[in-house]
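Peer 1: Need the 3D shape of this:
(one chain, ligands or ions: 2)
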Amino acid sequence: MPHLGVNIDHVATIRQARKTNEPDPVWAAALAELGGADCITLHLREDRRHIQDRDLEVMRQTVKVKLNLELATEADVVDIACRVKPDQATLVPERREEVTTEGGLDVVSHEASVAKAIGQLRDAGISISLFLDPEPKQIEMAAKLGAEAVELHTGQYALHGGAEQEKELTRLIQAAEQIHAAGMQVLAGHGLTYTNVQPIAQIPEMAELNIGHSIVSRAVFVGFRDAVAEMKRLVAL
Ligand SMILES: CC(=O)[C@@H](O)[C@H](O)COP(=O)(O)O
Ligand SMILES: NCC(=O)COP(=O)(O)O
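Peer 2: Residues are numbered from 1 along each chain as shown. Ligands and ions are numbered 1, 2, ... in the order given. Have a look, this model is predicted:
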């Protein structure tokens, strides 16, 4: 039964729509924990479109479960991570023009910059996860780079239905086996919802799922604590 990581980025998206101080993602994180979250995830983007530096700094003091920071390998945000010290850092790709993350980090093409960021984060005592597409060569490089975990990008699985989704699920199952065999923890996330999460949760090697947008969407109608509790129950089935 995988753990549940709750990504609270899009609570901050609503706040930033008016550049005000509510809804506060710090409150969402507390309610997520009360709803059964095993991890709180937040993405400090270079363009600060949602999560702000203050959110990370306060959550470091208030979150009682694992704190997972998603970040690009850019020097300034790596420096912030090394100062604040989340429990885990998940290296992700970023493009300012993107609406949301479009794929996994290409650690094969960017081995040097990824290795540099990993070295700095590891020296700060932070555990490393790499956000990757289910590609064998990317997973091999993750093991070479010494990552503790790989978070599989489930965006393609979530985007499609029918035979195409089945094909993506098979890729994810095979990638999970490869990650586990290489001695790394298997995580997954992006685009997972109350209707598509269970086949991913049932992958035998799956240790943790990171889910955000769907939980925040459901929380608008049922409240954050209940939205998390509902997802926790689904993931445990
Ligand atoms: C890496 C990933 O899949 C998401 O957690 C990421 O946070 C997406 O970025 P937005 O939250 O800005 O959509
Ligand atoms: N890394 C995936 C994540 O944290 C949440 O992604 P989403 O559920 O908001 O698409």
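Peer 1: going forward, measure contacts between C-alpha atoms and count neighbours the same way
Peer 2: OK.
Peer 1: and stretch 143-157, does that touch ligand 2?
Peer 2: No - applying C-alpha under 6 Å from any ligand atom, one finds stretch 143-157 separated from ligand 2 by no less than 7.2 Å.
Peer 1: Go through that stretch and flag the buried ones.
Peer 2: 143, 145, 147-157 (16 or more other C-alpha atoms under 10 Å).
Peer 1: Output it as CSV, restricted to C-alpha atoms.
Peer 2: Coordinates of each C-alpha in stretch 143-157 appear next as CSV, following Å, rounded to 0.1, in the frame of the first residue of the first chain:
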residue,chain,number,x,y,z
ALA,A,143,21.1,4.7,-10.3
LYS,A,144,24.5,5.8,-11.5
LEU,A,145,23.8,9.3,-10.0
GLY,A,146,23.0,7.6,-6.6
ALA,A,147,19.4,8.8,-6.3
GLU,A,148,17.5,7.3,-3.3
ALA,A,149,14.3,7.3,-5.3
VAL,A,150,12.7,7.8,-8.7
GLU,A,151,9.3,9.4,-9.1
LEU,A,152,7.8,8.1,-12.3
HIS,A,153,6.0,10.8,-14.4
THR,A,154,2.4,9.5,-14.8
GLY,A,155,1.3,12.4,-17.1
GLN,A,156,1.1,10.3,-20.3
TYR,A,157,-0.8,7.5,-18.4
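Peer 1: what mean pLDDT would you report for that stretch?
Peer 2: Stretch 143-157 comes out with an average pLDDT of 98.
Peer 1: ok, back up a step: now render the buried residues of stretch 143-157 as TSV, adding distance to residue 127 and secondary structure.
Peer 2: Below are the buried residues of stretch 143-157 laid out as TSV (distance: C-alpha to C-alpha, whole Å; DSSP: H, G, I helix; E, B strand; the rest coil):
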residue	distance to residue 127	secondary structure
143	14	helix
145	13	helix
147	8	coil
148	7	coil
149	8	strand
150	11	strand
151	13	strand
152	17	strand
153	19	strand
154	22	coil
155	24	helix
156	26	helix
157	27	helix
